[in-house]
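Trainee: got a structure for you, letters missing:
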């Protein structure tokens with residue numbers, strides 16, 4: 001039986017999760033067109049599975065991209081055209097907020113917020129990084145903020161019951177993140193890190209696994225397979241409803257391996273990269289069993305890994321005093337190791 005404190009945290013998690021009353025259960029779709037596989041495959045699951053084998057065999061190509069030629073910085077706001085196009089012009093304009101820091105000495109961190117973060121999400125964290133003499137670039141994920149297509153109120157196009165669109169959105173997030181690292185490098189930053197929260201943590205891990213320039217990574221809530229987090233998490237219950245009856249967890253895990261951190265653990269072997277995983281002891285969105293599995297597997301790969309356990313859950317991480325504990329733990333780690 002959970003202790004009284006754990007029950008209290010669970011009540012807070014459910015209360016905070018229920019604040020959003022605009023969740024929509026969308027119908028299941030294979031989304032072949034998002035993957036360049038047409039729309040008329042007689043066996044959509046097999047078509048995606050066969051394509052996924054090729055992506056996994058050469059993930060460098062899958063997460064590769066053409067150099068960006070139209071970076072524009074205006075009053076601290078960076079924009080450029082995404083190297084991976086979607087059907088939505090708004091989403092194809094990548095947006096990032098730049099926070100230079102005096103005394104950064106070549107150190108900069110790319111910050112990737114959580115799913116459905118608003119325009120102000122992680123701005124305070126970037127300013128806190130500045131206080132530790134670390135420059136920060138906060139990227140808006142695909143389908144978030146001003147990248148959201150007309151008529152949408154949530155970033156459901158990034159994580160949804162559309163299998164192909166979810167893959168495409170995560171792929172776009174990774175190449176956009178790598179293009180942000182290109183820009184930071186052009187500004188003279190030579191010691192680069194990534195910091196991601198929840199969905200942003202997944203994108204940060206895949207980015208770090210495919211970009212040798214990343215010397216430090218902070219995973220603020222981490223899980224193994226993308227499908228497991230969606231299937232079991234409190235925050236994605238409505239997505240699970242759209243998936244139920246059309247696909248099994250095993251099938252989905254296989255098709256979404258290409259956007260799962262666990263898939264790319266071997267790419268961390270032999271890397272000169274220091275990592276921190278922050279996790280919530282009572283997390284019901286990224287279940288602790290998956291986080292512990294990720295910690296054990298990453299440690300087995302060899303790169304130095306630290307962990308920090310918060311006495312809260314996923315949503316409550318954003319509440320006082322847990323948000324301060326989280327922010328200072330991450331910033332102190334970055335200052336020590338970047």
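Mentor: In hand now; what should we look at? Keep in mind that what you see is a predicted model, and the values were worked out from it rather than measured. Numbering: from 1, shown residues only.
Trainee: Neighbours of the nearest residue to residue 263 once chain neighbours are set aside, how many?
Mentor: Spatially, and ignoring its direct neighbours in sequence, residue 263 is nearest to residue 257 (4.8 Å; C-beta to C-beta, 6 or more residues apart in numbering). All C-beta spots, glycine's among them, are computed from the backbone N, C-alpha and C. Neighbour count for residue 257, taken as other C-beta atoms under 10 Å: 21.
Trainee: Residue 257 contacts residue 56, doesn't it?
Mentor: Yes - using C-beta atoms under 8 Å, residue 257 is in contact with residue 56, at 6.4 Å.
Trainee: circling back to that earlier point, so for the residue nearest to residue 263, what's the pLDDT?
Mentor: You'll see residue 257 listed with a pLDDT of 97.
Trainee: now do the one 3 residues further on
Mentor: Residue 260 is assigned a pLDDT of 98 by the prediction.
Trainee: Which residues are in contact with it?
Mentor: Residues near residue 260 by C-beta atoms under 8 Å, 6 or more residues apart in numbering: 202, 224, 225, 226, 227, 253.
Trainee: That one and residue 193, how far apart?
Mentor: 22 Å (C-beta to C-beta, to the nearest Å).
Trainee: Can you point out the buried residues in stretch 197-212?
Mentor: In terms of neighbour count (16 or more other C-beta atoms under 10 Å), stretch 197-212 has its buried residues at 197-211.
Trainee: swap that for stretch 313-329, sorry
Mentor: Residues 313, 314, 315, 316, 317, 322, 323, 325, 326, 327, 329 are the ones in stretch 313-329 that count as buried (16+ other C-beta under 10 Å).
Trainee: Give me the nearest residue to the fourth one, chain neighbours excluded.
Mentor: It refers to residue 316. Residue 316 sits nearest to residue 12 (C-beta to C-beta, 6+ apart), 5.2 Å away.
Trainee: can you tell me the helix or strand for that neighbour?
Mentor: Using DSSP states H and E, residue 12 maps to helix 4-17.
Trainee: what's in contact with that helix?
Mentor: In contact with helix 4-17 (C-beta under 8 Å, 6+ apart) are residues 2, 234-235, 282, 284-285, 311-316, 318-319.
Trainee: Swap in 10 Å and give it another go.
Mentor: 1-3, 23, 233-235, 237, 280-285, 311-319, 322 (C-beta atoms under 10 Å, 6 or more residues apart in numbering).
Trainee: Give me the buried stretch members for the helix or strand following it, please.
Mentor: Using DSSP H and E, the helix or strand that follows helix 4-17 in sequence is helix 44-57. Going by neighbour count (16+ other C-beta under 10 Å), the buried part of helix 44-57 is 44, 45, 47, 48, 51, 52, 55.
Trainee: Now helix 44-57: average pLDDT?
Mentor: 95.
Trainee: Give me the distance between that helix and the centre of its chain.
Mentor: Chain-centre distance of helix 44-57: 22 Å, with C-alpha atoms, centre = their mean, to the nearest Å.
Trainee: ok, now stretch 186-197?
Mentor: That offset, for stretch 186-197, works out to 16 Å (C-alpha atoms, centre = their mean).
Trainee: Would you mind measuring the gap between the ends of it?
Mentor: 25 Å (C-alpha to C-alpha, to the nearest Å).
Trainee: Let me see the mean pLDDT of that stretch.
Mentor: 98.
Trainee: List the buried residues of that stretch.
Mentor: Those would be 187, 189, 191, 192, 193, 194, 195, 196, 197, for stretch 186-197 by 16+ other C-beta under 10 Å.
Trainee: Of those, just say which sits nearest to residue 32.
Mentor: Distance to residue 32, by C-beta to C-beta, is smallest for residue 196 among these, at 28.4 Å.
Trainee: Partner strands of the helix or strand where the closest one lies, with direction?
Mentor: For residue 196, the host element (DSSP H and E) is strand 191-197. Its sheet considered, strand 191-197 pairs with strand 107-112 (parallel), strand 214-220 (parallel) by DSSP bridges.
Trainee: quick revisit: identify the farthest-apart pair in the buried residues of stretch 313-329.
Mentor: Top of the distance list for the buried residues of stretch 313-329 (C-beta to C-beta): 315 and 329, 17.9 Å.
Trainee: that older thread, take the buried residues of stretch 313-329 and keep only those in strands.
Mentor: Among the buried residues of stretch 313-329, no member is found in strands (DSSP state E).
Trainee: Export those as a markdown table, with columns for distance to residue 30.
Mentor: Below are those laid out as a markdown table (distance: C-beta to C-beta, whole Å):
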| residue | distance to residue 30 |
| --- | --- |
| 313 | 33 |
| 314 | 29 |
| 315 | 31 |
| 316 | 36 |
| 317 | 34 |
| 322 | 39 |
| 323 | 39 |
| 325 | 42 |
| 326 | 37 |
| 327 | 40 |
| 329 | 41 |
